[in-house]
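Asks: Give me a 3D structure for the following:
(one chain, ligands or ions: 1)
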Amino acid sequence: MNNRNISNKILHWYDNNKRILPWRKNVSKKQKQYFTLVSEFMLQQTQVKTVIPYFINFIKKIPDLNNLSKVNDAKLMKCWEGLGYYSRARNLKKTARKIISNFGGVLPSNIDDLKTLPGIGEYTSKAIMAIGFNKPIVPLDGNVERILKRVFYLKKEIENSKNNLNKKISFFGTSQRSSDYAQAIMEIGALICKPVKPLCESCPISKSCLSYKKNDFEIFSKNKFNKIKYFEAEIYKDKDKYLLVKNDKFKFLRNLLIFPMREVEKKKFKSTQGKKINIKMSNMEMKIALNKKIKKTKIKNSFLLDESNINSFILPSFTKRIFKSVSKY
Ligand code: SF4
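Replies: Below is the predicted model of the structure:
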């Protein structure tokens, strides 16, 4: 199958099967670029299904770049609350400010300028170029990588390098409908060429796929090492109020409210009595011992938060999860 055939088949499939997503709405060019910017930041590290309600609410509360550049941090974080990776929200606002001050309020339409904006790297700049500006680029996200690994039956480590995958991307060719085309390829990865049990019978490019021919869909992966870390959280309760602290100690959840915690050795963790919970964060497996404290420890930037009040505060899911565990504890 030549590139032209491939792009036609993929677009035909997309036109008949694409998901209706709020950032795919027919809007003005300017609005489309804002939608692309916000959705691409949200989609870094987070699945489409999770992002949808956040995106709808975000656009309702912060409808354009100008509003985003001026939004107060509490409102911004409230819109992001629960989505995780909060530095994305902070970077998104910094990016809006920089677009206003350095680019006359217009999202730049070239990769080099896009990459000067906070939170925009190689992938996001290409995604914005393709989706927001209809440029003939296919960004290499996890979905596109998986398709390429299967189409070319890439089983060795060297074949799976980013460099090699970037070369293989020419397999898709280009289309004048570049924005749709980039989204169509990613959509096939998400809905058809799924990590487990790909739906090859519905795949528009199965004729070109070596994995399909060989009936072997195993993907090469260098096992991402999940670091296990051990923590002790301090649970101090005074009537219905819990002691929380603004986190300036750990790199994760920086500046957000958490229970006072410290990292401990495995041995110390094992010897700790009381309830223990596991929380996965990025590529870190956190094992947390919840230690009830009778006496309040004096900690900088800490305060008592009433349990019935937690919804009016900006709390990361991490803290809410601990709240859930301690309220039954
Ligand atoms: S034929 Fe199957 S394995 Fe190959 S790209 Fe399509 S869905 Fe993926």
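Asks: which helices and strands sit right next to the strand ranked longest in the chain?
Replies: In the chain, with assignment by DSSP state E, the single longest strand is strand 227-238. Counting by 3 or more C-beta pairs under 8 Å, 6 or more residues apart in numbering; DSSP states H and E, the packing neighbours recorded for strand 227-238 are strand 241-246, strand 261-264, helix 266-271, strand 284-293, helix 317-327. From N, CA and C alone the C-beta is placed, and that goes for glycine too.
Asks: quick check: domain ranges of the protein?
Replies: 3-214, 227-327 (automatic domain parsing).
Asks: what inclination does the longest strand of the chain have with respect to strand 241-246?
Replies: 130 degrees (axes from the mean of the first three to the mean of the last three C-alpha atoms, to 10 degrees).
Asks: CA atoms only: put strand 227-238 into CSV for me.
Replies: C-alpha atoms of strand 227-238 as CSV (Å, rounded to 0.1, in the frame of the first residue of the first chain):
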residue,chain,number,x,y,z
LYS,A,227,10.7,2.9,42.1
ILE,A,228,9.3,1.8,45.4
LYS,A,229,9.5,4.5,48.1
TYR,A,230,8.5,4.4,51.7
PHE,A,231,6.9,7.2,53.7
GLU,A,232,5.4,7.9,57.1
ALA,A,233,2.5,10.3,57.2
GLU,A,234,1.5,12.0,60.3
ILE,A,235,-2.2,11.9,61.1
TYR,A,236,-3.1,14.5,63.7
LYS,A,237,-6.8,15.1,64.4
ASP,A,238,-8.3,17.7,66.7
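Asks: ok, the residue lying closest to residue 179 once chain neighbours are set aside - contacts?
Replies: Closest residue to residue 179 apart from its sequence neighbours, by C-beta to C-beta, 6 or more residues apart in numbering: residue 134 at 4.5 Å. Neighbour list for residue 134: 177, 178, 179 [criterion: C-beta atoms under 8 Å, 6 or more residues apart in numbering].
Asks: can I get those in CSV with pLDDT?
Replies: What follows is the contacts of residue 134, written out as CSV (pLDDT from 0 to 100):
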residue, pLDDT
177, 97
178, 97
179, 95
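Asks: and of those, the nearest to residue 306?
Replies: residue 179 (47.9 Å; C-beta to C-beta).
Asks: before we move on, back to that, of the contacts of residue 134, buried ones?
Replies: For the contacts of residue 134, a neighbour count by 16 or more other C-beta atoms under 10 Å gives the buried set as 177, 178, 179.
Asks: With secondary structure and distance to the ligand as extra columns, can I get these in JSON lines?
Replies: As requested, the buried ones among the contacts of residue 134 are exported to JSON lines (DSSP: H, G, I helix; E, B strand; the rest coil; distance: C-beta to the nearest ligand atom, whole Å):
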{"residue": "177", "secondary structure": "coil", "distance to the ligand": "20"}
{"residue": "178", "secondary structure": "helix", "distance to the ligand": "21"}
{"residue": "179", "secondary structure": "helix", "distance to the ligand": "22"}
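Asks: okay if I get those as a markdown table plus distance to residue 43?
Replies: Shown next, in a markdown table, are those (distance: C-beta to C-beta, whole Å):
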| residue | distance to residue 43 |
| --- | --- |
| 177 | 21 |
| 178 | 18 |
| 179 | 15 |
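Asks: Tell me the residues of the chain that contact the ligand?
Replies: 147, 150-151, 192-193, 198, 200, 203, 205-206, 209, 211-212, 217 (C-beta under 6 Å from any ligand atom).
Asks: how many neighbours does the residue nearest to residue 10 when sequence neighbours are not counted have?
Replies: Spatial nearest neighbour of residue 10, chain neighbours left out: residue 184 (5.0 Å); criterion: C-beta to C-beta, 6+ apart. Counted with other C-beta atoms under 10 Å, the neighbours of residue 184 add up to 25.
Asks: Helix or strand: which one has residue 184?
Replies: helix 178-191 (DSSP states H and E).
Asks: Which strands and helices lie in contact with that helix?
Replies: Applying 3+ C-beta pairs under 8 Å, 6+ apart, we find helix 178-191 packed against helix 3-17, helix 142-151.
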